[in-house]
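Asker: My questions are about this predicted structure, shown below with the sequence.
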Amino acid sequence: MRGRRRVVGADRALLTLLGLVLLVAGAGLVALASGWLPAGAGLPGPGEAVDVPAVADAPDATWWPVACAVAAVVLVLVGLWWLLAHRPGPRTAATSLPGSRTRDRLRVVPDAVTRAASAELDADPRVRSAALGLAEEHGGLVLVGRVRVASRTDVAALGALVDGVAHDTARVLGRDLSGRVHLAVARRGAAERLVE
């Protein structure tokens, strides 16, 4: 979970930086085209050509192919890191139901169980929405998700409800189950705050 937060933080930082660069570049181009920038600042006026001989001569230099190859390798590595960091987590495979004695054991799909658990939480009038899932971490099952509740909800009582749902889910799966469910309490007209 901590690694996922770092990836999200890196995404936000890079997108913010890119947005600022595009905003400044766009504002500069508008100011340049409209003549708002003072004359003699080393910038061409409207309709004047930009002459940068160092940029025009760079592709003919001997270092240019090497620089392009290094830039390409760096971009490919960054792209692969980004793709791997955004891959979905491991899916929990179908598990055998406890007590099935047939040769072809009865199996349950964990997604169906977590959908039922989410629906059970959604049925409570204090809950605005619930999204639960199962993850395998360190050889055990973990019930993960987020439950949004109305303001003025008794968080302790709702925690007991979530504990009960987690216990029922563990009983259905026939396996030990730990939980990591975030309760998001929404105040009227304000942003949500997380209560764990």
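Answerer: Done, it's in.
Asker: now the helix ranked longest in the chain: mean pLDDT?
Answerer: Longest helix in the chain, counting residues (DSSP state H): helix 2-34. On average, the pLDDT along helix 2-34 is 82.
Asker: Okay, buried residues for stretch 146-163 please.
Answerer: Under the neighbour-count criterion of 16 or more other C-beta atoms under 10 Å, stretch 146-163 has 147-149, 153, 158, 161-162 buried. No exception for glycine: its C-beta is placed from N, CA and C like everyone else's.
Asker: Confidence-wise, which of these comes last?
Answerer: Minimum pLDDT across the buried residues of stretch 146-163 falls on Thr153, with 81.
Asker: Sketch out the helices for the protein, chain order is fine.
Answerer: 2-34, 53-57, 64-85, 110-122, 155-173.
Asker: how about a markdown table for the ones you listed, with distance to Leu141 added?
Answerer: Shown next, in a markdown table, are those (distance: least, C-beta to C-beta, whole Å):
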| stretch | distance to Leu141 |
| --- | --- |
| helix 2-34 | 18 |
| helix 53-57 | 58 |
| helix 64-85 | 24 |
| helix 110-122 | 8 |
| helix 155-173 | 7 |
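Asker: ok, back up a step: and the buried residues of stretch 146-163, which is closest to Ala67?
Answerer: Of all the buried residues of stretch 146-163, Ala67 sits closest to Arg148, with 50.2 Å by C-beta to C-beta.
Asker: hang on, isn't the closest one packed against Ser129?
Answerer: Yes: applying C-beta atoms under 8 Å, one finds Arg148 in contact with Ser129, separated by 4.8 Å.
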